[in-house]
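**Q** okay, predicted coordinates and the sequence, questions at the end:
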Amino acid sequence: MLSGGKHSGMSAQTNTIYKKSSSKLQFIPIECPQYEILSNWWDNSSSGTLVLKGNSIKNGEDGQLRVGWSDAVEMDTAGTSGKISCGRFVLSAQIESLVGAFYKTNLITLGPHYILKNLLHIEVSMIPLSGSQHDAIQMTKKLRLDPDLLAKKRVILSPDESSVVYSFNSINSVKSSSNKWIAFTVNAVRSRQSFEGKWHLIPVDLEGQTHYGEYDGLHSTMCGILEVKTHRSSGGSMAISISHSANPPFIIENRSCTHFLQFAQDDADSAVFELPPLQSCGYTWDSPLGNKRLRATVVRKEAHHFASLGDHQLARIDEGQEYDGSLTDVGVSAQSSPKKKFSSFRSKGKPGVNTGSVGSVSKLSRGSSGISSSSSVLQKFKDKFDGNSRTYSLSKVGRKKDLPLPKKSSHLNAHLRIISGAKILSFNDSDYLAQQVESGIMRDGGSFKNALIQTNIQGMQLTILDTFPRELLGVTVRDVQIIKPRGSIEATFRVRHFQIDALLSTARYPIIIQPLPLGVDRRMNEIHQDSSQGNLDKKDLYWLEHAEKPVPVLEIVSSYVPQ
């Protein structure tokens, strides 16, 4: 690094002597980042394997420099950190005061400002972009339609690999404020080779976490949800990680017994998803930068994907056979090229219609979370988001607007609740669920949580006899317990002894199965959880608490979570 500027001092007297009004420095990179130098301070165990690509200080196309002098940095602002822009190069600067004999000295540390780590089990491709939000969204659409676009600018990160991002590719169509983005896509195997994955946008200067949905063209709901976390490290750098989301931010429930639901984000850049009766699925905003409202409607019998197939085709699906994917009623074949469909959508599609969000497939499975479909079917449905559809805001819990059925004489009840941090939007044939939530029964756990179960079976034996009669086989089970304390939703089932014996006198091995001596179960006796403890004699407590029992050969703990 080459520093330029003027002399700096710690005191106003020094500045006066040298006739300086302030203490500032400017910086400019004079050489490309080198892997050999970065590897000296890079920790592979915690930060992942380093991948360094696409950080040249010269443009490979015209040879122009991509760097320039940074803005002036105040050297007297100790305890601060932030980014400095040197042309298209972005660095991180941290200013801190030294101690001891150097207490009047400020130390300026320069380092990378953006670090991206792949925590997925599959590789991702990423491209740094610089431009307005509109230009960045348009670029992601072009990247999906043209797999070779900006191919030399892409950086591929395998699982547990990280990359330092110094420079960003400018995509500004007009002179406007420029924001920093990282566009990435998951290089997963899709249902068809020609189905291209969606490109997502990460606003790298915005701290927090954002969820992104993935779909593969096979399922009619999202096949996965990604979680991107952006936080500022102690040195001022922005650390960005891409991982799988442990819990979806939203869950869509179709508790109707007969009606199919189709829903989409009420935004131009979103896909349409379908949910069969009595099914639920995880969901996140398909376009995190768009309008965050959900539009849903009930599908008519002739419109949902199952209705598009004949009886003989459904029978083949039930038998697990392959389906060629052709939907003759809409005039679209699944064997056609998705790129042709995308181009036809751009020329004929209406404004606000998703262009190529879901591709066609060649296999259908009725046992999956949904049924696959062609893009034309989904566009045809999205054009019909009319008066029968409703938009929902997922910010506030409680009752929502009723969702009309195709026959406007009836409707589905909508309700939003929160369980384990996930917001659940439920569509029901009746308002029973909403009444349960509002009355507090769901919060209290219902009757099951207030129940007390404590069953002890000392032992039982099952014997198999022949017609003589003569005992042939004996099965012995001892110390069977079913325990469920009051105030808990967990129930425990234990069996401490299980044995099978051959009862014939001529048997070579009389004991067929017996438990191994696993030791003594030292866990607290259930007497401490029994509400009748006060009625027991104190002389009996010693023997009850010190009665040694073997470790159970079978123990099952189950929980009932109210839905």
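**A** Yes, it's here.
**Q** which intervals of the stretch 101-250 of the chain have sub-threshold pLDDT?
**A** 173-177, 190-195 (pLDDT under 70).
**Q** so where do the strands sit in it?
**A** For the stretch 101-250 of the chain, the strands defined by DSSP state E, counting those that start in this stretch cover 106-112, 114-118, 124-131, 155-157, 161-165, 169-170, 179-186, 200-203, 208-214, 224-232, 238-244, 250-254.
**Q** Throw those strands into CSV and include distance to residue 557 and mean neighbour count, thanks.
**A** All C-beta spots, glycine's among them, are computed from the backbone N, C-alpha and C. Shown next, in CSV, are those (distance: least, Cβ to Cβ, whole Å; neighbours: other Cβ atoms under 10 Å):
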stretch, distance to residue 557, mean neighbour count
strand 106-112, 48, 15
strand 114-118, 36, 23
strand 124-131, 38, 22
strand 155-157, 40, 19
strand 161-165, 39, 22
strand 169-170, 54, 15
strand 179-186, 36, 23
strand 200-203, 39, 22
strand 208-214, 31, 18
strand 224-232, 28, 18
strand 238-244, 26, 18
strand 250-254, 25, 21
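**Q** where in the protein is pLDDT low?
**A** Residues of the chain that meet the cut-off, pLDDT under 70, sit at 1-22, 54, 59-63, 173-177, 190-195, 300-387, 408, 441-447, 524-546, 561-563.
**Q** ok, back up a step: tabulate the strands of the stretch 101-250 of the chain (JSON lines), appending distance to residue 64.
**A** What follows is the strands of the stretch 101-250 of the chain, written out as JSON lines (distance: least, Cβ to Cβ, whole Å):
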{"stretch": "strand 106-112", "distance to residue 64": "23"}
{"stretch": "strand 114-118", "distance to residue 64": "22"}
{"stretch": "strand 124-131", "distance to residue 64": "15"}
{"stretch": "strand 155-157", "distance to residue 64": "21"}
{"stretch": "strand 161-165", "distance to residue 64": "20"}
{"stretch": "strand 169-170", "distance to residue 64": "12"}
{"stretch": "strand 179-186", "distance to residue 64": "20"}
{"stretch": "strand 200-203", "distance to residue 64": "26"}
{"stretch": "strand 208-214", "distance to residue 64": "34"}
{"stretch": "strand 224-232", "distance to residue 64": "31"}
{"stretch": "strand 238-244", "distance to residue 64": "27"}
{"stretch": "strand 250-254", "distance to residue 64": "46"}
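**Q** so how far is residue 296 from residue 458?
**A** From residue 458 across to residue 296, the span is 56 Å (Cβ to Cβ, to the nearest Å).
**Q** residue 402 too?
**A** Per Cβ to Cβ, residue 402 is found 11 Å from residue 296.
**Q** of the two, who's got more company?
**A** A count of neighbours by other Cβ atoms under 10 Å puts residue 296 above the other of residue 402 and residue 296, at 25 against 14.
**Q** and the closest residue to that one other than its chain neighbours, how many residues sit next to it?
**A** Nearest residue to residue 296, sequence neighbours excluded (Cβ to Cβ, 6 or more residues apart in numbering): residue 263, at 4.0 Å. Residue 263: 26 surrounding residues under other Cβ under 10 Å.
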